[in-house]
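[1] Sequence plus the predicted model coming up.
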Amino acid sequence: MVILLVEDHLAVRLGLKYFLEHYFLEDSKVKVEVIEAEDGKIAIKKIHERPDVDVIITDHIMPNMTGIELVVWVKAHTQNIPIILHSTEEITDDRHKADIFLIKGDVNTLTQALLKVHNKI
């Protein structure tokens with residue numbers, strides 16, 4: 001499973017990457033590869049470079065391009081890559097159309113969301 005992790009805060013990005021690579025699906029034979037991007041514009045470049053991305057986990061509040069703007073771009077330009085939008089704040093903008101929205105901080109909820117997406121891939 002190739003996960004594109006889009007997060008502007010380095011400590012959060014590295015922590016999530018470590019969790020995803022070492023603990024998510026640890027009892028499974030599924031290999032997890034995490035690709036990092038610091039914002040939505042870099043994420044778009046990564047999507048072009050790596051068309052094998054299975055799921056995107058993106059923050060919302062980031063410089064250069066917000067998570068909502070990234071979701072809108074992905075839905076318009078790709079073959080429906082599942083997107084988990086996570087933020088410290090509730091998002092009321094209905095443009096986001098992410099497959100799953102989560103409040104940051106709970107890795108159990110993130111794990112459940114990834115399992116749900118993984119079962120659809």
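    Received it, and whenever you're ready, just let me know what you need. Numbers count the residues shown, from 1 in each chain.
[2] and stretch 5-22, how far out from the chain's middle?
    Averaging C-alpha positions (C-alpha atoms, centre = their mean, to the nearest Å) puts stretch 5-22 10 Å from its chain's average.
[3] residues in contact with that stretch?
    Stretch 5-22 is contacted from outside by 3, 32-40, 42-43, 56-59, 61-63, 67, 70, 104, 107, 110, 114, using C-beta atoms under 8 Å, 6 or more residues apart in numbering. Every residue, glycine included, has its C-beta placed from N, CA and C.
[4] now do 6 Å
    Contact partners of stretch 5-22, identified using C-beta atoms under 6 Å, 6 or more residues apart in numbering, comprise 3, 32, 34, 36-39, 43, 57-59, 62, 107.
[5] how far away is residue 43 from residue 119?
    Distance from residue 43 to residue 119, counting by C-beta to C-beta, to the nearest Å: 24 Å.
[6] Equivalent analysis for residue 47, please.
    When distance is defined by C-beta to C-beta, residue 47 is 22 Å away from residue 119.
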